[in-house]
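Peer 1: need coordinates for the below:
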Amino acid sequence: MKKIIYVFAWVVLGVFLSFITHAWIEIKKISNSLKNGEVLQNNFVFGHGYCVLSPWVQIGIILIGLTFGLFCGFFFWNRVYTRKIYKK
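Peer 2: As a prediction, the model looks like this:
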């Protein structure tokens, strides 16, 4: 049970970081488009919300966050709890 909670916490952290990354990328895209005088197109994902990034990029960023969280969860579980590699 402890392993499931540990890995789940890493997945939540990965998704949270993916939202922050998404916001940063979108802010950069909006500011560059406004500087160049481009017209932005809003895209919908999951039926609501406005975003200038394409739906595939939005979904890809979330999937990368999930994958990162899962990988880190299992990696650090193995490192800390199985092999006990840490400093006291």
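Peer 1: how about the secondary structure of the residue nearest the centre of the chain?
Peer 2: Residue closest to the average C-alpha location in the chain (CA atoms, centre = their mean): residue 18, at 1.7 Å. Three-state assignment for residue 18 (DSSP: H, G, I helix; E, B strand; the rest coil): helix.
Peer 1: surely it meets residue 67?
Peer 2: No: Residue 18 lies out of contact with residue 67 (CB atoms under 8 Å); the separation is 9.6 Å. From N, CA and C alone the C-beta is placed, and that goes for glycine too.
Peer 1: how much space separates residue 60 from residue 36?
Peer 2: 24 Å (CB to CB, to the nearest Å).
Peer 1: tell me which of the two has more neighbours.
Peer 2: Counted by other CB atoms under 10 Å, residue 60 and residue 36 do not tie: residue 60 has more neighbours, with 14 against 7.
Peer 1: separation between the more buried one and residue 43?
Peer 2: In terms of CB to CB, residue 60 sits 13 Å off from residue 43.
Peer 1: same deal with residue 23?
Peer 2: Separation of residue 23 from residue 43 (CB to CB): 15 Å.
Peer 1: these two: who's more crowded?
Peer 2: Between residue 23 and residue 43, counted using other CB under 10 Å, residue 43 has the larger neighbour count: 15 against 11.
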